[in-house]
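>>> one predicted model, sequence on top.
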Amino acid sequence: MIFTLLFYSDEKAIAAMSQTERNRLVEAHVAYNFEFLSKRCTVLASRALMPTATATTVWPDSVTPGPAVVSDPPLTGFYLIDCADQAEAVELARGYPMPADLGRIEVRAVIQEWDYAPSVETTASPDAIWSQYADVASWPEWKHQVERVELDGPLATGITGRIVIEGRPPMPYRIVSATPGRGYVSETELGEGIVLRIEHVLTELPDGGTRITHRVNVPRAALDLLGHEFSPALNDGMRRTLHALAERVATD
C-alpha cells in the first residue's frame, strides 16, 4: 500500500536553531532516509517544502497569499512510501528522530482505486437491453474498442474467457455475476494482480424505460502499467459504449 508521511514542524523553532543544531537535524533526517526508511520500504518521493510564508492559495474565484490551511505547526514536507499496511506505515513514521516539541507526522493512505459510473436513459426495457448483453458475439459492434470476446459458455455467473481490446493481446475475462434483466459484473485482468471490474446495471424507470449504468472500478496500478492516458481513454470508451448501446436498443 502507498502512504504519505506528512511532516508538520515548528518553522520558527527551526529558524532559531544554531548552525550546529541545524546540522544535527539534517544528519538525523539523512540517516532516517537512507539508513532506516529506504531499507524497510520503497520511498517513491520525498520533498521538504518552502516556508509557509512563500505559499499561495488558489480559490475558485481568487488567489490569496499564504497557505490554504493555517496549522500549528505547519506542513513542512512529505514522504511518499510503499509498504505493507497502515501499521507498518505508522511504525516507520515512529522511527523518525523528531526532536522533542518540534513537530509531528501524519500518516495517510493514498487512494488505490476509484469509481467512474456514467449512465444513459432509454425507452427500451431492461429485457431488451439484456438481450444485447447476452449476445456476446455482438459486443464488438457497440462496445468501444472491443475486437473479440471468447467466453467458455453463455453469459452467466462464473463463466470465464478472454477479451481482446484494440491494440492489446487477449486478456483473461470473467463474469463475476449475471442476473437476466438486471445486469452483470465482469472482471478483466490487465496484468498480474491488476483487475478492472465493471458493473453493468439496468434500472427500470418509474414511467417506463431503463437507466443503463456502467460502473468501473479503476485500480491505480492500471495507470502505472498502461500510462496516464489509460484513464481518459477508458472514460471516453465507457461513454461511447453507453451511447452506442442506447442507440442500438432504440432501433430494435
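Yes, it's here. Note that the coordinates shown come from a computational prediction; the quantities given were computed from them, not determined experimentally.
>>> would you state the helices of the protein in chain order?
Secondary structure of the chain (DSSP state H): helices at 11-15, 19-31, 86-94, 126-134, 139-142, 220-226, 230-251.
>>> show me the domain layout of this structure.
2-109, 113-251 (automatic domain parsing).
>>> give me the mean pLDDT for the first one.
Confidence over domain 2-109, taken as the mean pLDDT, stands at 94.
>>> repeat that for the longest one.
Domain 113-251 shows a mean pLDDT of 95.
>>> out of the helices of the chain, nearest to P169?
Of all the helices of the chain, it is helix 220-226 that lies closest to P169, at 12.8 Å by Cβ to Cβ. Where you see a C-beta, it was placed from the backbone N, CA and C, and this is true even at glycine.
>>> could the domains of the chain go into a markdown table alongside mean neighbour count?
Below are the domains of the chain laid out as a markdown table (neighbours: other Cβ atoms under 10 Å):
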| stretch | mean neighbour count |
| --- | --- |
| domain 2-109 | 14 |
| domain 113-251 | 16 |
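>>> so how far is L44 from the residue most central in space within the chain?
Centroid check for the chain by Cα atoms, centre = their mean gives E113 as the closest residue, at 3.1 Å. With distances taken as Cβ to Cβ, to the nearest Å, E113 is found 17 Å from L44.
>>> one step back: Provide a list of residues in contact with the residue nearest to the centre of the chain.
By Cβ atoms under 8 Å, 6 or more residues apart in numbering, the contact list for E113 reads N217, V218, P219, R220.
>>> quick one: the strands in the stretch 101-250 of the chain, in order.
If DSSP state E, counting those that start in this stretch is used as the criterion, the strands of the stretch 101-250 of the chain fall at 103-109, 113-116, 119-122, 146-151, 160-165, 171-179, 183-191, 194-204, 210-219.
>>> with distance to L92 added, can I get the ones you listed in TSV?
Putting the strands of the stretch 101-250 of the chain into TSV (distance: least, Cβ to Cβ, whole Å) gives the following:
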stretch	distance to L92
strand 103-109	8
strand 113-116	23
strand 119-122	42
strand 146-151	43
strand 160-165	39
strand 171-179	35
strand 183-191	28
strand 194-204	25
strand 210-219	24
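>>> which one of these lies nearest to V90?
The nearest among the strands of the stretch 101-250 of the chain, by Cβ to Cβ, is strand 103-109 at 5.4 Å.
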